[in-house]
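# Provided below for reference: sequence and predicted model.
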Amino acid sequence: MDSQRTQNIRTVSARISSFHSSIYFSQTVGAKYAEQGLAPGVEGNMAARSAPLGRVNPGVVSAAYYNYSPNFIAEMLPRIWETVTPEQMIEARFDAVSAYMAELFGDRDDIALLTEAATQLTETLTPVLTAMDFAGRPLYAATADVIGSHQANTAFEKLWDVATVAREFRGDGHVASLVTAGVPGIDALMLDVATGAGFRPRAAQKTRGYTDEEWQTGQTRLAEAGLITVEKDDRGFDLPTITEAGRDLKEQVEALTDGTVATAWSVLDDATIESLLAPSRDLLRVIAKSGAFPSNIFARPEKKAG
């Protein structure tokens with residue numbers, strides 16, 4: 001990474017991604033998905049995020065998600081679409097977001113300032129979304145299509161729409177970058193875990209559906225390649241830690257990912273991008289303090305909101 005501009009784009013992107021992804025751990029959101037007959041958590045979230053793709057073969061979703069176990073998705077998806085349709089899940093997710101945002105922001109004393117922050121982010125990022133090219137980005141393209149028809153009721157719902165589209169756009173670019181760098185999905189997940197700044201190891205393995213054998217094989221491969229070291233935590237579980245070589249590989253992938261979004265962000269000058277740092281930080285502080293990223297799942301959830 002060779003510029004403050006690139007760093008600022010990364011920071012804003014990470015913060016709005018967290019604004020989007022905070023819904024995945026909400027009991028309120030889970031209850032809305034349960035109304036559709038789905039178990040809260042992984043099953044409901046799998047249905048909601050993949051619904052814009054339609055009733056496609058599990059392999060399509062595995063390819064788009066990249067770091068989930070293909071066997072896990074192959075077992076889960078057919079059962080999900082026997083319970084609820086993709087169209088129903090699209091609406092259920094919008095209803096869930098509305099309920100979650102009302103719960104999070106509805107009765108705060110600083111609501112006016114937070115609304116201003118959300119509005120600034122949405123209005124400033126809209127030209128970036130307009131400049132995004134859907135080619136080669138299936139999950140982004142499908143998600144943008146359905147969000148384009150959503151009638152958001154509040155500034156926070158509108159920002160969630162924008163954040164979701166931007167997240168999937170960069171996400172598809174990130175997948176392409178991982179493929180280019182030769183990093184398989186389970187390796188990418190484990191390297192993130194090994195930074196100590198995201199998922200705890202057991203939570204990552206469980207939510208992504210990897211067996212103990214698959215996880216151990218991937219961990220051994222990365223350790224032998226010098227990308228991680230493995231010790232034991234205070235409960236006796238394996239605790240991977242990223243090495244300098246692992247960090248270098250992650251930075252290589254991030255630099256490639258930066259390139260996949262540069263054209264879209266080129267519609268904003270450096271000062272405008274920098275102006276998004278404060279409002280995005282203010283909103284993420286609210287989410288972090290709400291407990292949206294549970295400590296039993298995430299090692300250091302505050303890091304993304306910093």
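Received the coordinates, thanks.
# Let me know how buried the residue lying closest to residue 215 once chain neighbours are set aside is, in neighbour terms.
Leaving out its chain neighbours, the residue that sits closest to residue 215 by Cβ to Cβ, 6 or more residues apart in numbering is residue 205, at 4.8 Å. Yep, even glycine has a C-beta here, placed from its N, CA and C like the rest. Burial measure for residue 205: 23 neighbouring residues, criterion other Cβ atoms under 10 Å.
# Residue 205 reaches residue 213, doesn't it?
No: here residue 205 does not reach residue 213: they are 11.0 Å apart, not a contact under Cβ atoms under 8 Å.
# how about the residue nearest to residue 215, secondary structure?
Three-state assignment for residue 205 (DSSP: H, G, I helix; E, B strand; the rest coil): helix.
# Residue 16 and residue 161 touch, don't they?
No: counting by Cβ under 8 Å, residue 161 is not a contact partner of residue 16; they are 10.9 Å apart.
# So for these two, which sits in the more crowded spot?
The residue with more neighbours, out of residue 16 and residue 161, is residue 16; 26 against 23, by other Cβ under 10 Å.
# Now for that one: which residues touch it?
121, 125, 159, 162-163, 166-167, 280 (Cβ atoms under 8 Å, 6 or more residues apart in numbering).
# Quick one: residues contacting residue 200.
Applying Cβ under 8 Å, 6+ apart, the residues near residue 200 are 193, 296-299.
# Give me the subset of these that lies in helices.
Judged by DSSP state H, these include residue 193 as members of helices.
# out of the contacts of residue 200, which is most surrounded?
Ranked by neighbour count (other Cβ under 10 Å), these have residue 193 at the top, with 24 neighbours.
# List the buried residues of stretch 131-150.
Judged by neighbour count (16 or more other Cβ atoms under 10 Å), stretch 131-150 contains these buried residues: 132, 137-144, 146-147, 150.
# Kindly check the end-to-end length of it for me.
One end of stretch 131-150 sits 20 Å from the other (Cα to Cα, to the nearest Å).
# distance between that stretch and the chain's centre?
Put simply, stretch 131-150 sits 15 Å off its chain's centre (Cα atoms, centre = their mean, to the nearest Å).
# Then stretch 182-196?
Chain-centre distance of stretch 182-196: 15 Å, with Cα atoms, centre = their mean.
# again with stretch 71-84
Distance, centroid of stretch 71-84 to centroid of chain: 21 Å (Cα atoms, centre = their mean).
# Equivalent analysis for stretch 135-154, please.
15 Å.
# Sketch out the low-pLDDT regions of the stretch 201-306 of the chain for me.
The stretch 201-306 of the chain contains residues with pLDDT under 70 at 300-306.
# Could I get the full set of strands for it?
Listed in chain order, the strands of the stretch 201-306 of the chain (DSSP state E, counting those that start in this stretch) span 228-232, 238-242.
# Pull out the buried positions in the first one.
Within strand 228-232, the residues that qualify as buried are residue 228, counting by 16+ other Cβ under 10 Å.
# helices or strands up against it?
Strand 228-232 sits against helix 185-194, helix 212-224, strand 238-242, with contacts defined as 3 or more Cβ pairs under 8 Å, 6 or more residues apart in numbering; DSSP states H and E.
# The same query, at a cut-off of 6 Å, please.
In terms of contacts (3 or more Cβ pairs under 6 Å, 6 or more residues apart in numbering; DSSP states H and E), strand 228-232 is packed against strand 238-242.
# List the pairing partners of the strand it packs on within its sheet, with orientation.
Paired neighbours of strand 238-242 in the sheet (DSSP bridges): strand 228-232 (antiparallel).
# Alpha carbons of the partner strand, as CSV, please.
Output of strand 228-232 as CSV, limited to C-alpha atoms (Å, rounded to 0.1, in the frame of the first residue of the first chain):
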residue,chain,number,x,y,z
ILE,A,228,1.4,-19.3,10.6
THR,A,229,2.6,-20.8,13.8
VAL,A,230,0.4,-22.9,16.1
GLU,A,231,0.4,-22.9,19.9
LYS,A,232,-2.3,-23.7,22.4
